[in-house]
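1. generate a structure from the sequence data that follows.
(chains A and B)
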Amino acid sequence: MKKNSKYCLGIETTAHTFGVGIVDFEGNVYSRINDIFTPESGGLHPMLVKEQHLANFHKTILKALKEANLSIHNINLVAFSQSPGLGPVLRIGALVSRLLSQKLNIPIVGVNHCIAHIEIGRLKCQIEDPLTLYVSGGNTIVSAFESGRYQIFGETLDLAIGNMIDSFARDVGIAHPGGPKIEKLAKESKHYLSLPYSVKGMDLSFSGLYTAARRLIESKEFNSKYNLSDVAFSLQETAFAMLTEVTERALAHTQKKEVLLTGGVAANERLQEMIEYISMEHDAHFEVVPLRYAGDNGAMIAWTGVLKYLHNGEDEIKHTIIQPKQRMDNIEIPWRE
Amino acid sequence: MNQEPMISKEKVIQKGAEATLYYGHWFDREVIFKQRISKKYRIKEIDKRIRAIRTLNEARALIKVKNYGINVPIVYEIDYSNSTIIMSHITGDKLKNLLRILDKSLIVKYMSKIGVFTARLHIKGHIHGDITTSNIIITKNRQLFFIDFGLHEYSDSVEDKSVDLHLFKRVLMSSHGDIYKLCFESFLEGYESEYIQNTQAKKSECQEIFNNFKIIETRGRYVKKEDRQ
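-> Next comes the predicted model:
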């Protein structure tokens, strides 16, 4: 602990991760602890996720303080994920943060989860003004900074890419999270089965692709003419080609010189390879957010909280109500330009 | 490419995300070669399918919509095996670059014209699929051209037509946030006026499209509960 440093504790609770991170106001990260809900079967039931977060939040906070070698009384600011996400789950983070703010008499700020993903990426990859492809279980967004906001250039019209892959994995009996296992299966095949490719303008649709992949699995020809690896390979190739096409077009349109890949699906090596390829073609510098910070975590909330606090000051308690459906392009970004 | 001197590909004028545009000559005419480039990031099965479908689709669309009174380049030749369209060269500036410097009255005029062209497409059952300010060229004598039909589709559904409007609004918001309201209102005004004047338009359709457009806006992933319908 340095003298005169100010610290922000950030709480991330939009989905299955209850994350706590501590950063100082200069952007050094002191801790990043995640408590992750894993369902025994099926997907994420918001009420079950909520139960686990409610039961474990204090342990996670204590762990984070211990890792940073700080006492709760050293904390000068508390930030939490205010939007977007699962309502019951968001509410836990808001509740805990309000409690800390009132009890310790420190300011509180609410942060948009998607913006936090971009901000921690800019910090950790030391880049200024990227075009971001943010792909996770809950979001599929191509975004870049323009006219004072993180504008959305393309997004999914239905399923998020991670959700689509996880759902498909679940249908074929692979436990949550299915993404990494589908990636492994896909590497075993080179046999492409035709699947619908759906790009509408700059937006994407994955629901038809998901249904078509399921039909392949349910078909009589499954396991005689092709196997699960072939379907996994075709699913990934189609979905990632769609993502890459939209990202490339946004890159050509915005002329950004940096590309950032983030979110849980950023861990997929095939997707990294594809996005890196188009970045090179457009002379843009490519970065994948270090996986520790690409998935949901508290450090990104803490850092974005610092940025917001230094420019806008604290949020009044009455403005800390959760906003499960808030779009990132509705929020002004005063700390840039 | 054809080696005859009558057809010459002279210089690259734009490397787009999907295609490379070359300037050249086709007999005595100034032309653009639009070549859909192979994308090494995707596997060849997907790459081949997408390039072939889009080349043919675009050439056919350009030929058809010219008859509806929409300014588009003239198609001279389709070189299918190279996924290339050879079309007339439109000299001018991209609307995207002009918007920053144009007078308000001209912005209104151009946006209204885009609305008219879009309505003409829709009335005839064409969906542009990618109306953006980089796909529109303004010539020296202030003619407005739609130059890119790469994502064109045929459809008569209210849903697809309203998605077209929605996508254009999104482009205006993300690239021209400061003047997007003026732009989009002029666009809608032109669109509606064409629907009223065009004798081939189904009279009720414009209103249906506007209603559905509002629904689409509230359909995104993150929309306030009170805005949902």
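
2. please see if stretch B:142-157 touches chain A.
-> Yes. Using C-beta under 8 Å from any C-beta of the partner chain, stretch B:142-157 reaches chain A at B:Leu151. Backbone N, C-alpha and C define where each C-beta goes, glycine included.

3. what sits up against that stretch?
-> For stretch B:142-157, contacts defined as C-beta atoms under 8 Å, 6 or more residues apart in numbering or on different chains pick out A:199-201, B:18-19, B:54, B:57-58, B:61-62, B:65, B:70-73, B:90, B:92, B:95, B:106, B:110, B:113-114, B:117, B:125-131, B:135-139, B:160-161.

4. go through it and flag the buried ones.
-> B:Leu144, B:Phe145, B:Phe146, B:Ile147, B:Asp148, B:Phe149, B:Gly150, B:Leu151, B:His152 (16 or more other C-beta atoms under 10 Å in any protein chain shown).

5. of those residues, closest to chain A?
-> B:Leu151 (6.6 Å; C-beta to the nearest C-beta).

6. now do A:Arg249 against A:Asn4, distance only.
-> Using C-beta to C-beta, to the nearest Å, A:Arg249 is found at 47 Å from A:Asn4.

7. between those two, who's got more neighbours?
-> When A:Arg249 is set against A:Asn4 and neighbours are counted by other C-beta atoms under 10 Å in any protein chain shown, the residue ahead is A:Arg249, at 24 against 5.

8. residues contacting A:Arg214?
-> Listed by C-beta under 8 Å, 6+ apart, the contact set of A:Arg214 reads A:Phe168, A:Asp171.

9. no no, A:Ile165
-> Shown in contact with A:Ile165 (C-beta under 8 Å, 6+ apart): A:Gly178, A:Gly179, A:Ile182, A:Leu235, A:Gln236, A:Ala239, A:Val265.

10. what residues are up against the last one?
-> By C-beta under 8 Å, 6+ apart, the residues touching A:Val265 are A:Val135, A:Ser136, A:Gly137, A:Ile161, A:Gly162, A:Ile165, A:Gly179, A:Leu271.

11. quickly list what the residue nearest to it when sequence neighbours are not counted is bridged to.
-> In space, and not counting its chain neighbours, A:Val265 is closest to A:Val135: 3.8 Å by C-beta to C-beta, 6 or more residues apart in numbering or on different chains. In this structure, A:Val135 bridges to A:Thr140 when assessed by DSSP bridges.

12. thinking again about what came up before, adding pLDDT and secondary structure, write the contacts of A:Ile165 out as CSV.
-> Listed next are the contacts of A:Ile165 as CSV, based on pLDDT from 0 to 100; DSSP: H, G, I helix; E, B strand; the rest coil:
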residue, pLDDT, secondary structure
A:Gly178, 91, coil
A:Gly179, 94, helix
A:Ile182, 97, helix
A:Leu235, 98, helix
A:Gln236, 98, helix
A:Ala239, 98, helix
A:Val265, 97, helix
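
13. of all these, which comes closest to B:Lys169?
-> Of all these, B:Lys169 sits closest to A:Ala239, with 26.3 Å by C-beta to C-beta.

14. quick check: that closest one vs A:Ser229, distance?
-> In this view, A:Ala239 and A:Ser229 are 16 Å apart by C-beta to C-beta.

15. settle it for me: which of the two has more neighbours?
-> Taking other C-beta under 10 Å, A:Ala239 and A:Ser229 do not tie; A:Ala239 has more neighbours (27 against 17).

16. the more buried one contacts A:Leu159, correct?
-> No. Look at A:Ala239 against A:Leu159 with C-beta atoms under 8 Å: they stay out of range, at 10.0 Å.

17. overlap in contacts of the two?
-> Listed as contacting both A:Ala239 and A:Leu159 by C-beta under 8 Å, 6+ apart are A:Phe206.

18. now A:Asp166, what's its secondary structure?
-> In three-state terms, and counting by DSSP: H, G, I helix; E, B strand; the rest coil, A:Asp166 is helix.

19. relative to chain B, how far out is the spatially closest residue to it that is not a sequence neighbour?
-> Counting by C-beta to C-beta, 6+ apart, A:Asp166 lies nearest to A:Gly178, which is 4.7 Å off, once chain neighbours are set aside. A:Gly178 sits 21 Å away from chain B, going by C-beta to the nearest C-beta, to the nearest Å.

20. quick one: A:Gly178 and A:Arg170 touch, right?
-> Yes. Between A:Gly178 and A:Arg170 there is a contact at 6.2 Å, judged by C-beta under 8 Å.

21. more crowded one of those two?
-> More crowded of A:Gly178 and A:Arg170, by other C-beta under 10 Å: A:Gly178, with 21 against 17.

22. quick check: domain ranges of chain B?
-> If you go by automatic domain parsing, the domain ranges for chain B are B:7-88, B:92-227.

23. pick out the shakiest of those domains, pLDDT-wise.
-> In terms of average pLDDT, domain B:92-227 trails the rest of the domains of chain B, at a mean of 89.

24. what distance separates that domain from the middle of the whole chain?
-> 9 Å (C-alpha atoms, centre = their mean, to the nearest Å).

25. kindly report the same for stretch A:281-299.
-> With C-alpha atoms, centre = their mean, you get 11 Å for stretch A:281-299.

26. ok, and for that stretch, which residues are buried?
-> Going by neighbour count (16+ other C-beta under 10 Å), the buried part of stretch A:281-299 is A:281-282, A:284, A:286-289, A:293-299.

27. would you state the predicted confidence (pLDDT) at the closest residue to chain B within the stretch 1-150 of chain A?
-> With C-beta to the nearest C-beta, the shortest gap between the stretch 1-150 of chain A and chain B falls at A:Ser147, namely 3.2 Å. Listed pLDDT for A:Ser147 reads 81.

28. ditto for B:Met1
-> B:Met1 carries a pLDDT score of 56 in this model.

29. could you do the one 4 residues further on as well?
-> Looking at B:Pro5, its pLDDT stands at 70.

30. ok, and what's touching the helix or strand bottoming out on mean pLDDT in chain A?
-> Every helix and strand of chain A was ranked by mean pLDDT, DSSP states H and E. The lowest is strand A:199-200, at a mean of 83. Here strand A:199-200 makes contact (C-beta under 8 Å, 6+ apart) with A:Leu157, A:Met242, A:Glu245, A:Val246, B:Gly129, B:Leu151, B:Val163, B:Leu167.

31. pairing partners for that strand, with directions?
-> Counting by DSSP bridges, the strands paired with strand A:199-200 are strand A:203-204 (antiparallel).

32. quick check: buried residues in the next helix-or-strand element following the strand it pairs with?
-> Following strand A:203-204 in sequence order, the next helix or strand is helix A:207-218 (DSSP states H and E). Neighbour-count burial for helix A:207-218, counted by 16+ other C-beta under 10 Å, picks out A:Leu209, A:Tyr210, A:Ala212, A:Ala213, A:Arg214, A:Leu216.

33. so B:Lys96 lies in a strand, does it not?
-> No. Read with three-state DSSP, B:Lys96 is helix and lies in no strand.

34. ok, and the closest non-adjacent residue to the residue most central in space within chain A?
-> With distances taken as C-alpha atoms, centre = their mean, A:Gly263 lies nearest the centre of chain A, 3.7 Å away. Nearest residue to A:Gly263 in three dimensions, chain neighbours excluded: A:Ser136, at 3.5 Å (C-beta to C-beta, 6+ apart).

35. which residues of chain B fall in helices?
-> Ranges of helices in chain B, per DSSP state H, are B:44-66, B:95-98, B:104-123, B:158-175, B:180-197, B:205-217.

36. meant to ask about chain A, not that
-> With helices called from DSSP H, chain A shows them at A:46-68, A:87-104, A:113-124, A:161-171, A:179-186, A:207-218, A:228-254, A:269-281, A:291-294, A:298-312.

37. now the longest one, how far from the centre of its chain.
-> Averaged C-alpha coordinates place helix A:228-254 at 18 Å from its chain's average position (C-alpha atoms, centre = their mean).

38. my read: B:Ile37 touches B:Tyr22, true?
-> No. B:Ile37 lies out of contact with B:Tyr22 (C-beta under 8 Å); the separation is 11.3 Å.
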